[in-house]
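Colleague: Below are the sequence and a predicted model; questions follow.
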Amino acid sequence: AQQSTVKRIYPKQEQKSENRSERRKAERKQRQSEKFIQAEIDSINYANALQALENLDFVLEADQLVFKRGMSVFVSTTTNFISVQNDKAVVQIAPFNAGGGPNGVGLASNIQIKTDKRGTSYFSMSVMGKGISATVSITLPKGTDQASVTVNPNFHSNRITLNGTLMPAEKSRVFQGITF
């Protein structure tokens, strides 16, 4: 007693379309999981950055400088930074110097942090000391550690904006150059 079996044979065109749709579903699922993982990482980095701001123990490593009239330049994160540890602030901007540039070291005062209804945090302070007298304002959007810092000097109008990553000081890898 032999059983008969029926096997469906698909033409190559149908085989390709089935494989293509399965492949697309798998790729879509992969992208969704990557987005979810990236969102979790961003959330953790944001929490660390916000905690560092509140603890006055942070470094913003700038990878882009935007000058007063809108011209921007990409720079090294190790030599362009703003750091605060307790009441000591260092502002180092070296757009064309790879070996670390002159910096301003001073005491931070009038420190304020505000959060708006959307979760964006605004941190401001005055820095006075050797080589610097300026107001420093940091904007940290909710959900990311990418921040923007505007340095407004008190004695001239050469405002500069630094865009980069805000992190706790112990995770930073900056090189501090000479002090005025």
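Modeller: Good, I have the coordinates.

Colleague: Packing partners of the lowest-mean-pLDDT helix or strand in the chain?
Modeller: Every helix and strand of the chain was ranked by mean pLDDT, DSSP states H and E. The lowest is helix 12-55, at a mean of 84. Contacting helix 12-55 under the criterion 3 or more Cβ pairs under 8 Å, 6 or more residues apart in numbering; DSSP states H and E are the following elements: strand 121-130, strand 132-140, strand 160-168. Bear in mind the C-beta positions are built from the backbone N, C-alpha and C, glycine included.

Colleague: chain center to that helix: distance?
Modeller: The gap between the average C-alpha position of helix 12-55 and the chain average comes to 20 Å, counting by Cα atoms, centre = their mean, to the nearest Å.

Colleague: Same question for stretch 41-61.
Modeller: Averaging C-alpha positions (Cα atoms, centre = their mean) puts stretch 41-61 10 Å from its chain's average.

Colleague: got the buried residues for it?
Modeller: 45, 46, 48, 49, 50, 52, 53, 56, 58, 59, 60, 61 (16 or more other Cβ atoms under 10 Å).

Colleague: hmm, who's touching it?
Modeller: Residues external to stretch 41-61 that are found in contact with it (Cβ atoms under 8 Å, 6 or more residues apart in numbering): 77-78, 80-87, 108, 111, 113, 121, 123, 138, 140, 142-145, 147, 149, 162, 164-169, 171-174.

Colleague: Pairing partners for the residue nearest to the spatial centre of the chain in the sheet, please.
Modeller: Closest to where the C-alpha atoms of the chain average out (Cα atoms, centre = their mean) is residue 146, at 2.3 Å. For residue 146, the beta-bridge partners under DSSP bridges are residue 165.

Colleague: contacting residues for it?
Modeller: Going by Cβ under 8 Å, 6+ apart, the list of residues near residue 146 reads 163, 164, 165, 166.

Colleague: let's go with 10 Å and repeat that
Modeller: Under the criterion of Cβ atoms under 10 Å, 6 or more residues apart in numbering, the contact partners of residue 146 comprise 42, 45, 46, 49, 60, 63, 139, 140, 163, 164, 165, 166.

Colleague: And for the last one, the neighbour number?
Modeller: Think residue 166. The number of residues packed around residue 166, counting by other Cβ atoms under 10 Å, is 28.

Colleague: That one against residue 63, yeah?
Modeller: No - Residue 166 is not in contact with residue 63 according to Cβ atoms under 10 Å; the separation is 12.0 Å.

Colleague: Now the longest strand belonging to the chain: buried residues?
Modeller: When the chain is scanned for its longest strand (criterion: DSSP state E), the result is strand 103-115. Residues of strand 103-115 classed as buried by neighbour count (16+ other Cβ under 10 Å): 103, 104, 105, 106, 108.

Colleague: Can you pick out the most distant pair from these?
Modeller: 103 and 108 (14.3 Å; Cβ to Cβ).
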